[in-house]
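Student: Sequence first, predicted coordinates after that:
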Amino acid sequence: AKGSVLMTWSTNVVEGALELGIDLTIVDKIFATLEETGFENIGESMCVWPVGTWPKERRRTMFG
């Protein structure tokens, strides 16, 4: 979430890497790069990545 500790950390890591000449935002450009290289039928899948404390509901702990 915007303003969260995780978002602040992520932003600092990306900015620090850029100062070292490393672009960690490659994900925004990867599809175009792969297509330019000749790859076809490029797919994408999204997944949920739990962050934080374990949920109180036992059923929800099965997701993490």
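Tutor: On my side now, so go ahead. Numbers count the residues shown, from 1 in each chain.

Student: C-alpha only now, for contacts and for neighbours.
Tutor: Will do.

Student: For the protein, which segments count as strands?
Tutor: Using DSSP state E, no strands are found in the chain.

Student: what residue lies at the spatial centre of it?
Tutor: The chain has residue 27 as the residue nearest its centroid, 8.2 Å off, counting by Cα atoms, centre = their mean.

Student: for it, what are its contacts?
Tutor: By Cα atoms under 8 Å, 6 or more residues apart in numbering, residue 27 lies in contact with nothing.

Student: Pull the number of nearby residues for residue 9.
Tutor: By the criterion of other Cα atoms under 10 Å, residue 9 has 12 neighbours.

Student: Revised request: answer the last question for residue 37.
Tutor: Using other Cα under 10 Å, residue 37 has 9 other residues around it.

Student: any idea how far residue 31 is from it?
Tutor: Distance, residue 37 to residue 31, by Cα to Cα, to the nearest Å: 10 Å.

Student: Of all the residues in stretch 28-39, which ones are buried?
Tutor: residue 31 (16 or more other Cα atoms under 10 Å).

Student: what does it rub up against?
Tutor: By Cα under 8 Å, 6+ apart, the residues outside stretch 28-39 that reach it are residue 42.

Student: the bottom helix or strand of this protein by mean pLDDT?
Tutor: Of all helical and strand segments in the chain, the minimum by mean pLDDT, DSSP states H and E falls on helix 58-61, at a mean of 74.

Student: how much space is there between residue 10 and residue 33?
Tutor: 24 Å.

Student: Please save the CA atoms from the longest helix along the chain in PDB.
Tutor: Counting residues, the longest helix found in the chain (DSSP state H) is helix 5-19. In PDB, the C-alpha atoms belonging to helix 5-19 read as follows (Å, rounded to 0.1, in the frame of the first residue of the first chain):
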ATOM      1  CA  VAL A   5       7.000   0.400   5.200                       C
ATOM      2  CA  LEU A   6       7.200  -2.200   2.400                       C
ATOM      3  CA  MET A   7       6.600   0.300  -0.300                       C
ATOM      4  CA  THR A   8       9.100   2.700   1.200                       C
ATOM      5  CA  TRP A   9      11.700  -0.100   1.300                       C
ATOM      6  CA  SER A  10      11.000  -1.100  -2.300                       C
ATOM      7  CA  THR A  11      11.300   2.500  -3.500                       C
ATOM      8  CA  ASN A  12      14.600   2.900  -1.700                       C
ATOM      9  CA  VAL A  13      16.000  -0.400  -3.100                       C
ATOM     10  CA  VAL A  14      15.000   0.600  -6.700                       C
ATOM     11  CA  GLU A  15      16.500   4.100  -6.400                       C
ATOM     12  CA  GLY A  16      19.700   2.700  -4.800                       C
ATOM     13  CA  ALA A  17      20.100   0.200  -7.600                       C
ATOM     14  CA  LEU A  18      19.600   2.900 -10.200                       C
ATOM     15  CA  GLU A  19      22.500   4.800  -8.600                       C
END
